[in-house]
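K.L.:
Coordinates for the following, if possible.
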Amino acid sequence: MIDDTILSRLQRYHDDIVARIAASVAVIEADNLSSLSILSARRWQMVRLLREYQIFKHSRIFDPAIANGSPSEVVAAREMKNNCIAMGNAFSSYVKLWSSGLITTSWEDYRIAMREMSALLTRHVKFERRNVEALLSVPNTNPRRYSGS
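P.N.:
This next block holds a predicted model:
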């Protein structure tokens, strides 16, 4: 069985990501253009959090499963890693677009894009969590497969 440390860290990352998304959506729903500095700070905090989370998943879950897992685990981990990279690229494109000063001239478009990205990211994190938990629940026959540290 997998070390509970990995599952605990996974849970903390997911909880933090979902909570931050909800807090930012609440700001958008208030429809207050004066909240741009708050939204900008939260956007960059999310960039850092998602990058840290991505490094954790890749180094502690996906890469070890790809290197040491059963054939089905290798396939699942590769697919999850590819989906993670794709989501990261989508979020990076979103951040790049909306960090250019465009928000002040396209506030309503930004609100729509932010809601869409928030929903996409939330769905991705929840879907990924179920899949990672399924991957981690496979009996561990290789003690080097995962490292909880």
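K.L.:
Which SSE is immediately downstream of the helix or strand that contains L97?
P.N.:
Element membership for L97 (DSSP states H and E) is helix 71-98. Where DSSP H and E defines the elements, the next helix or strand beyond helix 71-98 is helix 107-137.
K.L.:
how far does that following helix sit from the chain's center?
P.N.:
Put simply, helix 107-137 sits 7 Å off its chain's centre (Cα atoms, centre = their mean, to the nearest Å).
K.L.:
before we move on, the earlier item: how big is the angle separating the helix holding L97 from helix 107-137?
P.N.:
Counting by axes from the mean of the first three to the mean of the last three Cα atoms, to 10 degrees, helix 71-98 lies at 160 degrees to helix 107-137.
K.L.:
which stretches of the protein aren't confidently modelled?
P.N.:
The chain contains residues with pLDDT under 70 at 1-3, 140-149.
K.L.:
related to what we said a few turns ago, what separates the helix holding L97 from the chain centre, distance-wise?
P.N.:
Using Cα atoms, centre = their mean, the offset of helix 71-98 from its chain centre is 9 Å.
K.L.:
What helices and strands are in contact with that helix?
P.N.:
Here helix 71-98 touches helix 36-57, helix 63-68, helix 107-137, going by 3 or more Cβ pairs under 8 Å, 6 or more residues apart in numbering; DSSP states H and E. All C-beta spots, glycine's among them, are computed from the backbone N, C-alpha and C.
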